[in-house]
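Q: here is my input; please provide its structure:
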Amino acid sequence: MAVLLVVGTVLTWFTLRDRSPSTVLGGPTSGDSVPLAATPPADTGPLADSALAARVVALGDLTTPRTTRPSARDSQRTAAAARAARTLAARTARLEIVGADSARLYVDNRLVGIGRYSGDFPVATKLAVRAVIANASTSCITAERDTVVTLKGGDRASVSLPVRGCAVVSYDVTPRDARVSFTPLDGGPTVELRADSARALSLPEGRYEVRIQAPRCVMGTDTLLVAYRADGSPISRRFPLICS
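A: This is a model prediction of the structure:
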């Protein structure tokens, strides 16, 4: 037993002597020994496809939002918003006005647009709608149109006001006692007068058929295009008749 104890002590002494001071339990004790520097881990290369896919799947599982069922309070809020929208639609109606490109549009004497307008108004109200061609002469009866519209809940009222400007037509007809008529080809009333009653008149814009008749003369016909001129100059035409 004594021999075994001596041999075990010697082996233990040799083993502890070969170890570095930094690896002995409790750390370095004394002396000039310097602790070993930390060795960076070896580069193991890029991750295998299977490992990378496993990490991506795991990350996706962590970031996937959880779906929750809407609560009863959210459903009540949605239903209340829908009811409010239906109530608002039932209390208003849309009014659309279409006129000429240069026409000024009025609702209850308030300018709302030029050429075309669309807006919402309370229901069960009467609105005075008017379209006017700016700078038109007072004798131009087609330069202004108006109407009254009554709106109903949820309806879409469309109003067309095809206003037209006017231009001055200066004409010279022979003989002077001939009768001259201007019939609009685009629709509208015919204007008829004696040649000696006036040498010019204001006509709405559009195309006209002109007829000149006089006793013992061959009736003359012509086509006239009436269009507004920015400088205000009249449209001059001469209509001579062949008479016996």
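Q: low-scoring stretches of this structure, by residue?
A: Scanning the chain with the threshold set as pLDDT under 70 gives 1, 3, 6-7, 10, 13-72, 74-90.
Q: kindly check the end-to-end length of stretch 130-141 for me.
A: Start and end residues of stretch 130-141 are separated by 14 Å (C-alpha to C-alpha, to the nearest Å).
Q: what's next to it, contact-wise?
A: Outside stretch 130-141, the residues that touch it by C-beta atoms under 8 Å, 6 or more residues apart in numbering are 97, 99-100, 102-106, 109, 143-147, 161, 163-166, 202, 204. Backbone N, C-alpha and C define where each C-beta goes, glycine included.
Q: what of stretch 103-123?
A: By C-beta under 8 Å, 6+ apart, the residues outside stretch 103-123 that reach it are 90-102, 127-134, 151-153, 155, 161, 163.
Q: please list only the buried members of the residues you listed.
A: Taking 16 or more other C-beta atoms under 10 Å as the criterion, what is buried in the contacts of stretch 103-123 is 92-93, 95, 97-100, 127, 129-133, 151, 161, 163.
Q: and the two most separated of those residues?
A: The span of the buried ones among the contacts of stretch 103-123, defined through C-beta to C-beta, is set by 92 and 133 at 30.2 Å.
Q: could I get the CA-only coordinates of the helix or strand harbouring residue 96 as PDB?
A: Per DSSP states H and E: residue 96 is located in strand 92-99. Below are the C-alpha coordinates for strand 92-99, written out as PDB (Å, rounded to 0.1, in the frame of the first residue of the first chain):
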ATOM      1  CA  THR A  92     -77.800  64.000 -50.300                       C
ATOM      2  CA  ALA A  93     -78.100  63.800 -54.100                       C
ATOM      3  CA  ARG A  94     -75.700  64.500 -56.900                       C
ATOM      4  CA  LEU A  95     -76.300  67.300 -59.400                       C
ATOM      5  CA  GLU A  96     -74.500  67.300 -62.700                       C
ATOM      6  CA  ILE A  97     -74.700  70.300 -65.100                       C
ATOM      7  CA  VAL A  98     -73.500  70.300 -68.700                       C
ATOM      8  CA  GLY A  99     -73.300  73.400 -70.900                       C
END
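Q: could you point out which element follows it?
A: Moving toward the C-terminus from strand 92-99, the next helix or strand (DSSP H and E) is strand 103-107.
Q: can you give me the angle that next one makes with strand 92-99?
A: In terms of direction (axes from the mean of the first three to the mean of the last three C-alpha atoms, to 10 degrees), strand 103-107 departs from strand 92-99 by 150 degrees.
Q: give me the angle between the helix or strand following strand 103-107 and strand 92-99.
A: Sequence-wise, the next helix or strand downstream of strand 103-107 (DSSP H and E) is strand 110-114. Angle of strand 110-114 versus strand 92-99, following the same axes, to 10 degrees, is 60 degrees.
Q: return the set of buried residues in the next helix or strand after strand 110-114.
A: Where DSSP H and E defines the elements, the next helix or strand beyond strand 110-114 is strand 116-122. By 16+ other C-beta under 10 Å, the buried positions in strand 116-122 come out as residue 117.
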